[in-house]
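A.B. asks: Can you look at this prediction? I've put the sequence above it.
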Amino acid sequence: MKQGRLQTLGALVLIAAVSSFAAKPAAAQAKPPLGKLAGVVRDTVGTPQMGATVELVPETAGVLAPRSLLTNTRGIFQGDKLVAGLYTVRVTLAGFLPTLEKHVRVSANLTTIIRVELESMYASLDQLRRMPSNSPNNPDEWKWVLRSAASVRPVMEWVDGPSGVTTQTAENRMPDVPRVRMEFTSGARQPASASNITSSPATAVAYSQPLGGASSILFAGQMSYDGDAPGGGIAAIWLPTGTLGAGPHTALVLRQAKIGPDGPNFRGARLDQGGALALGDRLLLRYGGEYVLVGLGAGASALRPRAELSYWISQNWSTDVIFASMPNGPGPLEETETQQGGPLVAALNELDAFPALLVHGGHPVLQNGLHEEIAAKRKIGAHGSLQLAGFHDDNQHVAVYGLGGALPASDYFQDSLTKAFAYDGGASGSWGARMAFRQKLEGDTEFAAVYSFGSTLVPTNNPDAMLRQGLSLAARHSVGAGISARVPRVGTRVHAGYKWISGQAVSRLDGYGESIYQMDPYFHLMVRQPLPKWALGRWEAIADCDNLLAQGYVSASSRDGRVVLVPAFRTFRGGLSVQF
């Protein structure tokens, strides 16, 4: 009897153990598989839209309730821990038509990326206004505009584990974009830099080559036809996500130019790495850095970091904390707002993004400095913004430009053809503030106004001292305004601006703000005129003018002689471009 009881007890224990082990896999299998959905929201011209509401609605009955997300300052949203299945994505933003995309698949352990393009409500109303009065109105067409968009489609999926990368096709394709841009111009893209091609005729080519998945690579090259002072360069930019500013990038630039018929050869190399990283729904980190190595007889190098942390406080307020090297071009590649003309133009701009080369005591040095800034931005309406910022500039080698002859070569890096020179103004540090307003008007018109307060170098005219010893900091105010517009019917694109400075200034006042808002000193004008179609591609005439009225020239005296200091050279760059 006792033995039978023991056998019965052992059987019960065995059954309980087997049941517990069997229950664990069952419970694990009961847990639903999870995935991720991320994307970027832009308008029809490619500008990221912040504060857009993205609603994820499961299409399977009985799954979790809909989730609502907000895009950050770069138009990026991300939904984590989503149950695998089909979702309907609905994007809404004031001033734009609602966009709806159905049957977006979220797979387990995968991240699905989509690109959303919002169409302006005014553009749709304008299209309806132009419809002939005798054409029949079809209510289904209006519903289609409100409920669908051809550009909202899954683009890429990647596996969090070692499974590799997979692509996802869609029924609707993105509209064709230019893959090649050629420019036949005369003049430098960025004046007053040793890496630039002079005013001689030159040809530049940029090419976009898609790679596997969504990644792509941009190539750019430029060559001049001046036999006395030839120059040229090549650049390659790798975009793993295939979109400029929406992910990491790596750029390599090689440049060579001869400084005058009997001058030395400039050789330079730049390696740039950067990108943007979304930290949740409200925090965005833009990071980057570049290593520059140049040679002009002797060599000079510089490591130039940059970082910007943006926090979206609410739908209308955001803050930025910036630590970066002083800008030397139109802006870093991860700053999509500063890249007018698309990725092909951005690739061409990389050719001339070297910092200014200076000479100090017979040795080459690079213009260098650090910029720290804290800014708050207020969104005004659907397309306006107001920014208030305080900043500090700590310059190690300030570039001062001018005109003069018979100057000591040990301190003046001079062009023998134009008598222009670059001079090391020494070290300086200053505090400043900025207030900027930007408003996108109807159509392609955009207006910007910037007020800045800071310090700049001014000459004291000391004939017994070196020029840099005769430069001192002085407080200055500046007010600038610019407008970008596209003329209807003829299609002419115009960007014009004027920046007024309250007194003499031989160095840049708020150079970081100038690069963000494209607000160069004094009067500048850019014109792009489309030409009638007569050959392959889209042709247009180019005309770029800087400091058109030749303002701000200052005469200064030192023991090196009398020179004219120029805060911004009067330059002209013109020619033709074609995209196809």
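C.D. replies: In hand now; what should we look at? Numbers count the residues shown, from 1 in each chain.

A.B. asks: Tell me where the stretch 151-300 of the chain has helices.
C.D. replies: Assigned by DSSP state H, counting those that start in this stretch, the helices in the stretch 151-300 of the chain number zero.

A.B. asks: any idea how far residue 414 lies from residue 352?
C.D. replies: Applying Cβ to Cβ, to the nearest Å, the value for residue 414 to residue 352 is 20 Å. Any C-beta I mention is one placed from the backbone N, CA and C, and that applies to glycine too.

A.B. asks: try residue 241
C.D. replies: Between residue 241 and residue 352 the computed distance is 25 Å (Cβ to Cβ).

A.B. asks: Then residue 402?
C.D. replies: Using Cβ to Cβ, one gets 20 Å for the distance from residue 402 to residue 352.

A.B. asks: Same drill for these two, tell me which one is more crowded.
C.D. replies: residue 402 (26 against 22; other Cβ atoms under 10 Å).

A.B. asks: What average pLDDT does the host helix or strand of the more buried one get?
C.D. replies: Secondary structure assignment for residue 402, by DSSP states H and E: strand 399-403. When pLDDT is averaged over strand 399-403, the result is 91.

A.B. asks: Counting by contacts, list what it packs against.
C.D. replies: Applying 3 or more Cβ pairs under 8 Å, 6 or more residues apart in numbering; DSSP states H and E, one finds that strand 399-403 makes contact with strand 420-424, strand 561-565.

A.B. asks: Just after it, pick out the following helix or strand.
C.D. replies: Note on strand 399-403: by DSSP H and E, the next helix or strand toward the C-terminus is strand 412-414.

A.B. asks: Spell out the residue ranges of the strands in the stretch 1-150 of the chain.
C.D. replies: According to DSSP state E, counting those that start in this stretch, the stretch 1-150 of the chain carries its strands in the segments 34-43, 53-58, 67-70, 76-83, 85-92, 99-106, 110-118.

A.B. asks: Let me have those strands in a markdown table, extended by mean neighbour count, distance to residue 524 and mean pLDDT.
C.D. replies: Putting the strands of the stretch 1-150 of the chain into a markdown table (neighbours: other Cβ atoms under 10 Å; distance: least, Cβ to Cβ, whole Å; pLDDT from 0 to 100) gives the following:
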| stretch | mean neighbour count | distance to residue 524 | mean pLDDT |
| --- | --- | --- | --- |
| strand 34-43 | 21 | 26 | 88 |
| strand 53-58 | 18 | 38 | 88 |
| strand 67-70 | 16 | 37 | 87 |
| strand 76-83 | 18 | 32 | 86 |
| strand 85-92 | 19 | 37 | 88 |
| strand 99-106 | 19 | 37 | 84 |
| strand 110-118 | 22 | 31 | 86 |
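
A.B. asks: which one of the ones you listed lies closest to residue 480?
C.D. replies: strand 34-43 (25.1 Å; Cβ to Cβ).

A.B. asks: returning to what we had before: just so I know, which of the strands of the stretch 1-150 of the chain lies nearest residue 570?
C.D. replies: strand 34-43 (35.4 Å).

A.B. asks: Report the inter-axis angle for that closest one versus strand 110-118.
C.D. replies: Note on geometry: by axes from the mean of the first three to the mean of the last three Cα atoms, to 10 degrees, strand 34-43 and strand 110-118 are set 20 degrees apart in direction.

A.B. asks: tell me how far strand 34-43 is from the chain's mean position?
C.D. replies: On the basis of Cα atoms, centre = their mean, to the nearest Å, strand 34-43 sits 20 Å off its chain's mean C-alpha point.
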